[in-house]
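Participant: This is the structure alone, sequence omitted:
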């Protein structure tokens, strides 16, 4: 009996404490119940009085304790019903507060509202500028009111612990998903299917790709990242709920965004499209760590998988494009020689393509790193020395670039055979190899091919040039007696024959080579100077010794048709492709003799 008497006061004390807690809770909860006669505040609890807001949340926690006490104490069913009724009223108030805070802070994530605040009107901006402005506005996501997030987190924690998390989550998902979906729409993200993309003209699709590249970065760095920050903070009290909310809000939009590159890569595989594929690959690869971090939940694994699938598919497509590009070079079989031995369109196309391609060296190295080199790729060591591809990731790319250039050089060798004049064959090779070397030197190709390759092929250009000079001008030089012969006395007949031979050979060489071309201006001047150094001094010596003899014996048509300065002037006209209208003749069929009035000073 004594034990029962001792326990009764303790029970009564606990019950009275719970009743007091419930009374305090009832006072403040009823105060903010719009159905209560004491309700006089139509504004937000959290905006109107932060002190009361804290007291409100505190009273809910006390009410929870009272409910648990009355539930365990079967003797107070009325108190339990009363506390449950109060809790429902409190949750409705908190549910409204949660909605109001989310709605009133919507402008922090609403790109349309942010854009409307811009001083630049829509008709003065391009779609690209609009997308950029929208992207800049999303930086505010990470500056989402600290106070608002703190209030949302407090309300969410209170409702979840009270068993009303479902209502809270529903509000959050509806509002936040509408923000994400609207933002993606504003960024120009379309819901295209794999069957729709092949039907889009490439020019139109390329515009969509450019738009996607801008939207993708903004979406990952600001939109999804910002939503993850807010979601993690608001639902910090429940790992399960924050994962569920973030997944339901972002997964659909993210998967739709990330699958676009995969769809594009499946239907466009011509080498001309490779640069856009590289842009898409680079965009995903560059932000992969962000994607992996933002969508780290198990429930968002489909987003990571989609991004990974797009990377894989793009990598496969890029490798296939590279092989197709190489094959296209090998299959180029045009049989028409380029006029004047000038630069072949294939040379220009391939080298420009490769130089632009190496702007993506880092990405290409990654793409080629784990793929074996084609069996056809076999580089002679004398042509190109490379490091071990397993030790140097960029070595595999260097080998592929070196091989493609070698394929090009082999095609150029075969096209040189189309020329009947042997000298023109070497001029063609000079022009094209010089262009190849120049492109390597002036682009990122140099870092892949190396200085040794450049020096070696520079030397080959010099060899081709020397061969061309010999074949193109040897007959002219041979028409001039050697110094030892000039030093001796020649008969008038022998002198006449020498001048006639020189006139004939020089006119023939000039007439033939007037339509020939040296593309590089520096190389053009070097070739002309080299020819002049061999030809003009030798002719000057011969001319100085025997000119008077020939003129004194022949008053008819002069045998000496050129003075030494004429020779240099005529040489200066060469290798432009068409004879200029200056000192020589504007007619490509005329000879130096026919236009000597401009030059001759006999």
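Facilitator: That came through fine. What you see is a predicted model, and the numbers here were worked out from it, not measured in a lab. Numbering: from 1, shown residues only.

Participant: show me where pLDDT drops low in the stretch 501-602 of the chain?
Facilitator: Confidence mapping of the stretch 501-602 of the chain against pLDDT under 70 gives the ranges 550-557, 578-602.

Participant: how does it look with 90?
Facilitator: Regions of the stretch 501-602 of the chain meeting the criterion pLDDT under 90 cover residues 541-566, 568, 573, 576-602.

Participant: Helices of that one, start to end?
Facilitator: Secondary structure of the stretch 501-602 of the chain by DSSP state H, counting those that start in this stretch: the helices cover 521-553, 564-572, 596-599.

Participant: Would you format those helices as TSV with mean neighbour count included?
Facilitator: The way it works is simple: take the backbone N, C-alpha and C, and place the C-beta from them, glycine included. Listed next are the helices of the stretch 501-602 of the chain as TSV, based on neighbours: other CB atoms under 10 Å:
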stretch	mean neighbour count
helix 521-553	16
helix 564-572	20
helix 596-599	16
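
Participant: out of those helices, nearest to residue 223?
Facilitator: Set against residue 223 and scored by CB to CB, the helices of the stretch 501-602 of the chain come closest in helix 521-553, at 52.3 Å.

Participant: hang on, the earlier thing: will you turn the helices of the stretch 501-602 of the chain into CSV that also has distance to residue 425?
Facilitator: Converted to CSV, the helices of the stretch 501-602 of the chain look like this (distance: least, CB to CB, whole Å):
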stretch, distance to residue 425
helix 521-553, 15
helix 564-572, 21
helix 596-599, 30
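
Participant: Tell me which of these sits nearest to residue 329.
Facilitator: Closest among the helices of the stretch 501-602 of the chain, once you apply CB to CB, is helix 521-553, at 24.2 Å.

Participant: still on that earlier bit, to residue 407, which of the helices of the stretch 501-602 of the chain lies closest?
Facilitator: helix 521-553 (24.1 Å).

Participant: what angle sits between that closest one and helix 564-572?
Facilitator: Here helix 521-553 runs at an angle of 150 degrees relative to helix 564-572 (axes from the mean of the first three to the mean of the last three CA atoms, to 10 degrees).

Participant: Domain map for this structure?
Facilitator: Annotated domains of the chain cover 2-104, 122-326, 335-467, 479-599 [automatic domain parsing].

Participant: Let me have those in TSV, adding distance to residue 473 as columns.
Facilitator: Output for the domains of the chain, formatted as TSV (distance: least, CB to CB, whole Å):
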stretch	distance to residue 473
domain 2-104	86
domain 122-326	38
domain 335-467	8
domain 479-599	6
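
Participant: among those, which gets the worst mean confidence?
Facilitator: Among these, domain 2-104 has the lowest mean pLDDT, at a mean of 69.

Participant: Backbone dihedrals for residue 515, both of them.
Facilitator: Phi and psi for residue 515, reported as degrees, to the nearest 10, are phi -100, psi 0.

Participant: Count the residues that sit near it.
Facilitator: Number of residues near residue 515 (other CB atoms under 10 Å) recorded here: 18.

Participant: That one reaches residue 340, doesn't it?
Facilitator: Yes - with contacts counted by CB atoms under 8 Å, residue 515 reaches residue 340, the gap being 5.3 Å.

Participant: Quick check: neighbours shared by those two?
Facilitator: residue 577 (CB atoms under 8 Å, 6 or more residues apart in numbering).

Participant: Would you map the helices across the stretch 301-450 of the chain?
Facilitator: Using DSSP H, counting those that start in this stretch, helices in the stretch 301-450 of the chain cover 301-331, 345-357, 361-369, 393-416, 422-441, 445-478.

Participant: Run the chain-centre distance for the second one.
Facilitator: Here helix 345-357 is found 18 Å from its chain centre; the criterion is CA atoms, centre = their mean, to the nearest Å.

Participant: what angle separates that helix from helix 361-369?
Facilitator: Going by the same axes, to 10 degrees, helix 345-357 makes 100 degrees with helix 361-369.

Participant: in helix 345-357, what's buried?
Facilitator: 346, 347, 350, 351, 353, 354, 355, 357 (16 or more other CB atoms under 10 Å).

Participant: what sits against the first one?
Facilitator: Contact partners of residue 346, counting by CB under 8 Å, 6+ apart, are 329, 332, 334, 408, 411, 412, 415.

Participant: mind redoing it with 7 Å?
Facilitator: Counting by CB atoms under 7 Å, 6 or more residues apart in numbering, residue 346 makes contact with 332, 411.

Participant: Redo the buried residues of helix 345-357 as a markdown table? Include distance to residue 223.
Facilitator: A markdown table is the format used below for the buried residues of helix 345-357 (distance: CB to CB, whole Å):
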| residue | distance to residue 223 |
| --- | --- |
| 346 | 46 |
| 347 | 46 |
| 350 | 41 |
| 351 | 41 |
| 353 | 36 |
| 354 | 37 |
| 355 | 36 |
| 357 | 32 |
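
Participant: Quick check: of those residues, which lies closest to residue 237?
Facilitator: residue 357 (52.2 Å).

Participant: got a list of what that closest one touches?
Facilitator: Contacts of residue 357 by CB under 7 Å, 6+ apart are residue 364.

Participant: Adjust the sequence numbering to begin at 59 for everything that follows.
Facilitator: Shifting the count to begin at 59 puts that one at residue 415.

Participant: if I look at residue 413, how far off is residue 406?
Facilitator: From residue 413 across to residue 406, the span is 11 Å (CB to CB, to the nearest Å).

Participant: what sits against residue 533?
Facilitator: Per CB under 7 Å, 6+ apart, neighbours of residue 533: residue 563.

Participant: same thing but at 10 Å, please
Facilitator: 559, 560, 562, 563, 564, 566, 567 (CB atoms under 10 Å, 6 or more residues apart in numbering).

Participant: Can you lay out those as a markdown table showing neighbour count?
Facilitator: As requested, the contacts of residue 533 are exported to a markdown table (neighbours: other CB under 10 Å):
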| residue | neighbour count |
| --- | --- |
| 559 | 16 |
| 560 | 27 |
| 562 | 16 |
| 563 | 18 |
| 564 | 27 |
| 566 | 13 |
| 567 | 23 |
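
Participant: Where do the strands of the chain begin and end?
Facilitator: Ranges of strands in the chain, per DSSP state E: none exist.

Participant: center of it, which residue is that?
Facilitator: In the chain, the centroid-proximal residue (CA atoms, centre = their mean) is residue 337; its distance is 3.5 Å.

Participant: Just give the closest residue to it, not the sequence neighbours.
Facilitator: residue 271 (5.9 Å; CB to CB, 6 or more residues apart in numbering).
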